[in-house]
Structures are given as structure tokens and as C-alpha cells.
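In: Quick one, fold the following:
(one chain, ligands or ions: 2)
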Amino acid sequence: MKVAWAGSRETLELSDRMAKLVANDPVFEKFTRPMLGRKELFKNTLRKAAHGWKLIVDLRLTEEEAKWLRLYIDEPAYTDLHWGMFIPAIEGQGTEEQKKKWLPLAQKMKIIGCYAQTELGHGSNVQGLETTATFDPQADEFVIHSPTLTSSKWWPGGLGKASTHALVYARLIVGGEFHGVHGFIVQLRSLEDHSPLPGITVGDIGLKFGNGAYNTMDNGVLRFDHVRIPRNQMLMRVSQVTKEGKYMQSDVPRQLIYGTMVYVRQTIVVDASKALSRAVCIATRYSAVRRQFGSRNGGPETQVIDYKTQQSRLFPLLASAYAFRFVGEWLKWLYMDVKQRLEANDFSTLPEAHACTAGLKSLTTTATADGIEECRKLCGGHGYLVSSGLPELFAVYIPACTYEGDNVVLLLQVARFIVKTVSELGYKQPVGTTAYMGRVATLMQNNCAVRTAEDWLNPGAIVEAFEARAARMAVACGRQLAKFENPEEGFAELASDLVEASVAHCQLIVVSKFIEKLQQDIPGKGVKQSLEILCYVYALFLLHKHQGDFLAVGYLTPKQALLANDQLRTLYSKVRPNAIALVDSFNYTDHYLGSILGRYDGNVYPKLYEAAWEDPLNDSDVADGFHQYVQPILKQKLHSAKL
Ligand SMILES: CC(C)(COP(=O)(O)OP(=O)(O)OC[C@H]1O[C@@H](n2cnc3c(N)ncnc32)[C@H](O)[C@@H]1OP(=O)(O)O)[C@@H](O)C(=O)NCCC(=O)NCCSC(=O)/C=C/CC(=O)O
Ligand SMILES: Cc1cc2nc3c(=O)[nH]c(=O)nc-3n(C[C@H](O)[C@H](O)[C@H](O)COP(=O)(O)OP(=O)(O)OC[C@H]3O[C@@H](n4cnc5c(N)ncnc54)[C@H](O)[C@@H]3O)c2cc1C
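Out: Numbering: from 1, shown residues only. Ligands and ions are numbered 1, 2, ... in the order given. This is a model prediction of the structure:
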């Protein structure tokens, strides 16, 4: 099962090696993190990142090994955006000449970059960005300027204190004409003493959610006062500005400027499976350790993992972790396929890639953020301790629902894609993830044929149910939209329905990819059977949770919905015997989990008790301040007994 989760034996061995390298290195200790002040915390992160970089160089780690090393260091740091966005943006939007100049500097960390798109006044609305880049033909330069307070760059990770350069997204103005938002490489700080360059105001935006958590990252604020850069520092693969001041739009679609976000969104889906699997591992192991009620004749109390309510909350999250892992594997393939096509100037699958990355990023991050919180609750009171690992995991994870695109805004992008597909039915055959809409007549006509709970253990029945729900919701939206004279007005009015139809479409993709995964060769005795159970748990859990959709579109009868729930209960009993093995398969070290509740050895209570006394508040029996502020109250003579 470990190989199934890792994807291959090679990846399992490589990731295991990196996990142990980090876990055994005291520099990467994590438990004191929540106790540190902001400046100490940030300095500690710089130290860890420097040590990580030294390991990468000294041990000559490959790109893949370095990626796993950074994952297991488990600390948001300026390097995340340097490697995760600054370099990919140059790779995707730079000319060959620009890549030749900038990539070696970035890859050797001779410069440190960040991705500066979001501003104080605009994040979702990229076309609303206010920073300007005005071409000066006399000097053959762009003048980068922040014309308003709201044009201040705000949020970019690594910008506040670490980055020497930024990829700045700004409104391109040539000869007084606006030509859309483009990316510009701007140096922010001296490579000698790291002081901000003339015209640059830069700093950190301040504390964020949670202790420690994302405060290891210097999300920054940045303003420009007429900063000049050479013309060749505008990324010019998509569009060019000539020395003469002529704007040239190549045949590459403008949307390629958004390409870095497509790349990151697809990585976020696999990241969701990693974050959710960490929380599920902790909650599952602790649910097996924790006993509460149910003792008979003085015997042991019941393991909470045996309560049906615990199983109905925990096992769908376990199934979701595997579902997101497999759909993330497919999405990576889709992205690599689009990337190859783009290199051959084939833009035909770019809309599908945008819709899938946007939709699946939205779906998986929302479910993961909610899932981590559910895992905290599944651990009762001890889940609220920092030493459970869950509060910090939650605090670090939840911005994933916002960054790289607010999840609702992204679902609206999926909605545009679906509505367009529906409007083209009849004269354009839908392909890829919308191929099922080509069978819309059948899907609108045929209703669910399930007669027994067993019938739900049929992949065909599951897929048809999810296709019918998605198709019928999309067509219903299309029909409603047709009633509006102004399509944009209709879209705005029906936005909530469209978002629900987008969720249905994305859930169909996740379910389908899980089923497709099971049709592949999966090594290991009993592994495929265990994954089949999880696949049905995932699908039937969604069907139960969203049964209102299936009933409202007329595909399912109440009886069939009840049969699905009966089957779900049976499936939980089948997951139970393998639950611990399924979470052990994630192969997480105790260091990476960072959780006393999720310890591999299950030695929870002694370690919880031991950890309590390490809290600084317990450095003295009587807390500092007690005698000054509490003693007088205890000693005061009360004039009236009634007080
Ligand atoms: C919401 C967006 C997409 C709106 O884009 P906009 O151009 O204003 O308008 P349209 O919705 O009309 O789109 C025009 C056209 O382009 C297609 N399209 C949009 N995005 C993409 C894309 N990424 N790839 C390919 N195609 C795209 C769209 O489908 C339309 O096509 P039609 O055929 O229908 O005309 C945009 O404003 C947006 O993406 N907003 C979100 C901003 C965002 O994600 N910011 C992230 C900043 S970086 C960050 O957060 C980093 C975090 C740190 C970390 O990750 O750790
Ligand atoms: C931890 C963190 C790290 C980040 N790192 C970076 C970075 O490195 N680089 C960078 O450039 N940015 C970064 N960001 C910024 C991030 O990309 C934006 O915050 C994100 O894109 C959301 O945009 P917004 O803040 O403008 O949200 P808004 O769009 O203002 O969202 C507010 C509300 O408005 C709703 N809304 C907005 N538009 C619509 C619409 N058309 N229809 C319906 N509802 C709508 C949203 O759904 C949401 O409920 C980061 C943010 C965070 C939290």
C-alpha cells in the first residue's frame, strides 16, 4: 500500500530517505516553533532554509530529492515562492534569451525571487491591478510605479525581507495605450548589502493566523516610486515591446500570462492529499488509542474508532486523501501534456487545463481545510493542544483556500467552461473531462437502476450517477441562462447555482479518476481491494452528502439514496480492520507528523504528560505576576460579604 500511495517504489524509497534525513537533523526541530517571537521565528526559518540549501548542495541532491526535502522540513519559507513561482514564471513566460540570463542565477540562488501579482486593492481581479509599467522609448526602459495606495503589492510570499528580485505584474502602457497585465523582473534590494534600492519601499505585512504557522513566511508589501528597468526585463514570450515602442501580440493566447497559476494549482491538489493524509493519520491512530465508555465487567473501554459516528466522520476523510492523491497524479499528467502542447504552439487543451486545475484546486483545498478541522474534533480535547500537530497544520493549510485563486472565484471559472460546453452541444463534440456531456440525452433520460445496496458496488452505477447529476445541473443552468437577454447578467444572477454545478462536475472527475486508478495494475496483496473499498466510500459519501442534488435532478429516488447509505455503513466496517495499515502507508515520520497523538508507537498519554511540563509557564510553581496581581485579591478585606 505504501507504493500505491507513493506512486512507485523509487518515489517511496527517495521520499523515505529525505524524510529520515530531515527527521534525524536537529536543525529541523519543530516543537519550539509556536513559542518563538516573530523576529526569532523568522531568523530560525532563514537558518533552516540555509541548512536545507547546504544539504542540497553538499549532498548534490536532485531536484526531486530537494523537493521532498523542502516538504519534510515542513515550514513555509521564502524559498517556496522562489522555486514554486518565480522560476516557473520565467520558464513559462520568458523568451529563450531571458531564460538563459535569469534561470541560472535563480537556480544557483544568486538571486532570490518572489511572485508579486496581488495588490492591496486587487487579488482575484488580475485585470484590475493598478501598478503601472510605462515604456520610455528614449531610455529603452520601463518605469514601474505604484500610483495609488491600493496599488501597493500586498501578500507575495518571500517579498517582505528575503527577496532580492520580484516578478511584478503590472499594467503595460506603451505610447499612452494600455495593453493588459504583464510580468516584469524588478530588482528590489542590493546584492551587496540587501538594502532596498532607490524608489523601492518594501516590508512585511504583519502577523497572520495562528502562532508560528505561516508567520515563518515574510509575506510582503511593496511600492514603487518610478523605478526604471531595462526593456528586456518584461517577460516577452507572450507579447513583446520593441525598442521603437511597438507592442506585438504573438499568436500565443494572452492567458499564458496566467500560466504560472495553472502550474501551481495542479501542485496544490497533490499537496491537499498530503495535508489531509497527515491529519487523517493523526486522527486515525489516536482514535485507535483513545478509549471512552463501553467497559463491561471492568474490562477495557471501547476504542473510539469503533463508534459508527467516529467512522462516518473519519473514513470518508481517509478515502478523500487517497482520492485527492490519485486525481492529483492525473492532473499532473494533464498539466505536463498541456505544457508539451504549448511548446508546440498547440493551445487546444489550455481551457480544459485551466478549468480542471482551477476546479480541482478549489474542491480539494476546501475539503482538506474542513477535513483537518474535522480531524481536530475527532481527537476531542487533546486535538486542541499544539502538541497534537493539528492546530498548526490547520493554520498553515487554510490559506490554500484563498491563495492561487479564491475557491469561489475559481469555481466560477469552471462554470464559464461548463456553460460554454453546454452552449456548444449539438455542433461541437465535448472531449476530455466534459466528454460525458456528449451523452446528455441519455443522461437526461435514464434514471438510476440500483435496486439493492449491493448494486452500488458497481463502478458503472457510480459513474453514471455522478455524470447524470453533473450533466443535469449544467443543462438546468444553461436553460436558466437562456432566459436572460444579457448573458453576463444571467451569469451573475445564477452564480450560486453555477458554482454548485461546477462542484458536481469536479466531484465527477475525482470519482472517475479514482475508478480509473483501480483499473491499473496495483502491486501488493489485497491493496487493490482496500483501495476499491475506499473508492466506494468516497463516492457514496459524496452521494449521501449531496443527495439533494441527485434527488432534485430526478435521477435518484429516496429509496435508492437510502440504499447508498446502507452500503456506506457496510463499507465502514470493511475499512475498520485496515484503517491503521492504510494510514501507516503514508509512511510519515513522527517528525513530519509533529503530533503526540499520532505517534507511530501509540505512546500518547505519557508523552502528553511529559510535554506539558516543557511549557515555559511551568518553569516555576508560582507563575510570574501571581503575587503582584492575584495575591492582593485573595488578601483583600471585603466590606460586604455580598460582593
Ligand atoms: C479570475 C480570473 C481567471 C479572471 O481572469 P480575467 O482575464 O479577468 O477574465 P476572464 O474570466 O474573462 O478570463 C478570460 C479568458 O481567459 C481564460 N483564463 C483565465 N485564467 C486562465 C488561466 N489561468 N489559464 C488559461 N486560461 C485562463 C478564461 O477561461 C477566459 O477564457 P474564455 O474562453 O472564457 O474567454 C483571473 O483574474 C485570476 O486568475 N484570478 C485569480 C488570481 C490568483 O489566482 N492569484 C494568485 C496569486 S499568486 C499566489 O496566490 C501565491 C500564493 C503562495 C503560495 O502558493 O504558496
Ligand atoms: C498566505 C497567502 C499567501 C499569498 N501569497 C501570494 C503570493 O506569493 N503572490 C501573490 O501575488 N499573491 C499572494 N497571495 C494573495 C492571494 O493570491 C489572493 O489573496 C487571492 O488570489 C484572493 O484574492 P483577494 O484577496 O483579492 O480576494 P477577494 O477576491 O477580495 O475575495 C473576497 C471575497 O470576494 C469574493 N469574490 C471576489 N470576486 C468575486 C466574483 N467575481 N464573484 C463572486 N465572488 C467574488 C470571494 O469569493 C471572497 O469571498 C497570498 C495570499 C495568502 C492568504
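In: Flag every residue of this protein that's near ligand 1.
Out: Taking C-beta under 6 Å from any ligand atom as the contact definition, the chain meets ligand 1 at 80-81, 115, 117-118, 123-127, 157, 255, 258, 261-262, 264, 350-351, 354, 403-405, 409, 413, 416. Glycine gets a C-beta too; all of them are placed from N, C-alpha and C.
In: Now, those that are in strands?
Out: Residues of these located in strands (DSSP state E): residue 115.
In: just the buried members of the residues of the chain next to ligand 1?
Out: The neighbour-count test (16 or more other C-beta atoms under 10 Å) marks 80-81, 115, 117-118, 123, 126, 157, 258, 261-262, 264, 350-351, 354, 403-405, 413, 416 as buried among these.
In: filter the residues you listed down to the ones close to ligand 2.
Out: Contacts with ligand 2 within these, counted by C-beta under 6 Å from any ligand atom: 81, 115, 117, 118, 123, 157, 403, 405.
In: Sitting in helices, which of those do you find?
Out: When these are checked against helices (DSSP state H), the matches are residue 81.
In: Please render the ones next to ligand 2 among the buried ones among the residues of the chain next to ligand 1 as TSV that adds pLDDT to the earlier fields.
Out: Formatted as TSV, those follow (pLDDT from 0 to 100):
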residue	pLDDT
81	96
115	97
117	98
118	98
123	97
157	98
403	97
405	96
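In: Now render the ones next to ligand 2 among the buried ones among the residues of the chain next to ligand 1 as TSV, adding distance to residue 476.
Out: Output for these, formatted as TSV (distance: C-beta to C-beta, whole Å):
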residue	distance to residue 476
81	41
115	38
117	35
118	35
123	31
157	40
403	32
405	26
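In: Of the ones next to ligand 2 among the buried ones among the residues of the chain next to ligand 1, which is the nearest to ligand 2?
Out: Relative to ligand 2, the closest of those is residue 123; by C-beta to the nearest ligand atom it sits at 2.4 Å.
In: so what's the closest one closest to, chain neighbours aside?
Out: residue 155 (7.0 Å; C-beta to C-beta, 6 or more residues apart in numbering).
In: what number of residues lie near that neighbour?
Out: Neighbourhood size, residue 155 [other C-beta atoms under 10 Å]: 21.
In: Ok, residue 335 next?
Out: Counted with other C-beta under 10 Å, residue 335 comes out at 19.
In: Contact partners for the residue nearest the centre of the chain?
Out: Nearest to the geometric centre of the chain sits residue 268, at 3.8 Å (C-alpha atoms, centre = their mean). The contact partners of residue 268, by C-beta atoms under 8 Å, 6 or more residues apart in numbering, come to 361, 364, 365, 400, 404.
In: And these, which is closest to ligand 2?
Out: residue 404 (6.2 Å).
In: do you know how far the closest one is from residue 326?
Out: Distance, residue 404 to residue 326, by C-beta to C-beta, to the nearest Å: 21 Å.
In: Show me which pair in the contacts of residue 268 is furthest apart.
Out: Greatest spacing in the contacts of residue 268, by C-beta to C-beta: 364 and 404 (11.8 Å).
In: for residue 341, what are its contacts?
Out: Residues near residue 341 by C-beta under 8 Å, 6+ apart: 347, 348, 349, 350.
In: Can you turn the buried part of those into a PyMOL selection?
Out: Of the contacts of residue 341, the buried ones can be selected in PyMOL as follows, counting by 16+ other C-beta under 10 Å:
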select buried, resi 347+349+350
